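**Student:** below is the sequence, then the predicted model.
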Amino acid sequence: MSTLLLTGANRGLGLELCKQFLQSGWKVIATCRNPNNATRLSVLVDKYPEHLTVYALEVSNSDQIAELKTKIGEAPIDILFNNAGVYAGESNEFGSSNTEVWLDAFNINVISPMKMMETFVDNVAKGDMKIIASMSSKMGSINDNSSGGSYAYRSTKAALNSVMVCASYDLKPKGIAAIMLHPGWVRTDMGGPNGELSVEESATSMRETLTKATIRDTGKFFDIDGSIIPW
């Protein structure tokens, strides 16, 4: 049975990805900040008690990441998907930058995925698929930036892309592919009500990309339609 380790699984795209992978017969190790308050995730636990395990994890807390590793042990992981992230809306416009908010976003959006990779790389190396993916955004593409603004969000996603490309070289000898995904403009709390895609549509497309990826795709930045986004 294939295994997915997914952060930020309690709502939006994370919850839908969790649901779709479970429906496909996968084992899912899901994390969120407070499982006791994750009502919709608890429903999935009741429905898939043998396939879904939920752990508390604040991704910016290195001690909690280490604790999660202790709980998972050496179990193989086919896909590690760093989905958890923040928009940092308080520090996105020129003239309103906030150092504390920006650094917090950098910690969550950039350093946390790195720590997850470092902690669980051996688990992924034992899996059959050997995929590490991070939720990026086309807003992290410098080439695609034609409007400015969103300073904290754009910069942290650009930095995440750089981290993942570095990992693509370092982990290739282990047979591990490091890839980035753009979810599209989705109708979520972050994307707003005017998004072009439903949560179900976006998750379906990303799941297809994740399950089809191989070592030949390492270092690629995938758009929601499977095409490659320029840096």
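**Tutor:** In hand now; what should we look at?
**Student:** state the distance from the residue lying farthest from the centre of the chain to Ala88.
**Tutor:** Taking C-alpha atoms, centre = their mean, the residue of the chain most remote from its mean C-alpha position is Gly95, at 29.7 Å. Gly95 sits 15 Å away from Ala88 when distances are taken as C-beta to C-beta, to the nearest Å. Just so you know, the C-beta spots here come from the backbone N, C-alpha and C atoms, and that holds for glycine as well.
**Student:** please enumerate the strands of the protein.
**Tutor:** Listed in chain order, the strands of the chain (DSSP state E) span 3-6, 27-32, 52-56, 79-82, 131-135, 177-181, 221-222.
**Student:** sheet partners, orientation included, of the third one?
**Tutor:** Going back to what we said before, that points to strand 52-56. For strand 52-56, the pairing partners within the sheet under DSSP bridges are strand 27-32 (parallel).
**Student:** equivalent analysis for the first one, please.
**Tutor:** In the sheet, strand 3-6 lines up against strand 27-32 (parallel), strand 79-82 (parallel) (DSSP bridges).
**Student:** for the shortest one, the averaged confidence score.
**Tutor:** Which is strand 79-82. For strand 79-82, mean pLDDT is 98.
**Student:** mean neighbour count and distance to His182 for the strands paired with strand 3-6 - can I get that in JSON lines?
**Tutor:** Shown next, in JSON lines, are the strands paired with strand 3-6 (neighbours: other C-beta atoms under 10 Å; distance: least, C-beta to C-beta, whole Å):
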{"stretch": "strand 27-32", "mean neighbour count": "24", "distance to His182": "22"}
{"stretch": "strand 79-82", "mean neighbour count": "26", "distance to His182": "14"}
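**Student:** contacts for the longest helix along the chain?
**Tutor:** Counting by DSSP state H, the longest helix found in the chain is helix 151-170. If you take C-beta atoms under 8 Å, 6 or more residues apart in numbering as the criterion, helix 151-170 is touched by 87-88, 91-94, 97, 101-102, 105-106, 109-110, 113-114, 117, 132, 134, 136-137, 139-142, 145, 177-180, 218-219, 221, 231.
**Student:** buried stuff in that helix?
**Tutor:** The neighbour-count check on helix 151-170 (16 or more other C-beta atoms under 10 Å) flags 151-161, 163-165, 167-168 as buried.
**Student:** pull the distance from that helix to the chain's centre.
**Tutor:** 12 Å (C-alpha atoms, centre = their mean, to the nearest Å).
**Student:** for this protein, which segments count as helices?
**Tutor:** Listed in chain order (using DSSP H), the helices of the chain are 12-23, 39-47, 62-72, 99-106, 112-126, 151-170, 199-212.
**Student:** tell me, what residue is most central in the chain?
**Tutor:** The residue at the geometric middle of the chain, judged as the C-alpha nearest the mean C-alpha position with C-alpha atoms, centre = their mean, is Asn83 (2.1 Å).
**Student:** which residues are in contact with that one?
**Tutor:** Contacts were defined as C-beta under 8 Å, 6+ apart; by that measure Asn83 touches 6-9, 13-14, 17, 135.
**Student:** shaky segments in this structure?
**Tutor:** Regions of the chain meeting the criterion pLDDT under 70 cover residues 190-191.
**Student:** ok, how many other residues are close to Trp231?
**Tutor:** One way to gauge burial is a neighbour count; for Trp231, by other C-beta atoms under 10 Å, it gives 13.
**Student:** how close does it sit to Asp128?
**Tutor:** The spacing between Trp231 and Asp128, counted by C-beta to C-beta, is 30 Å.
**Student:** what does Phe222 give?
**Tutor:** When distance is defined by C-beta to C-beta, Phe222 is 21 Å away from Asp128.
**Student:** the two: which is more packed in?
**Tutor:** Of the pair Phe222 and Asp128, Phe222 is the one with more neighbours under other C-beta under 10 Å, namely 21 against 9.
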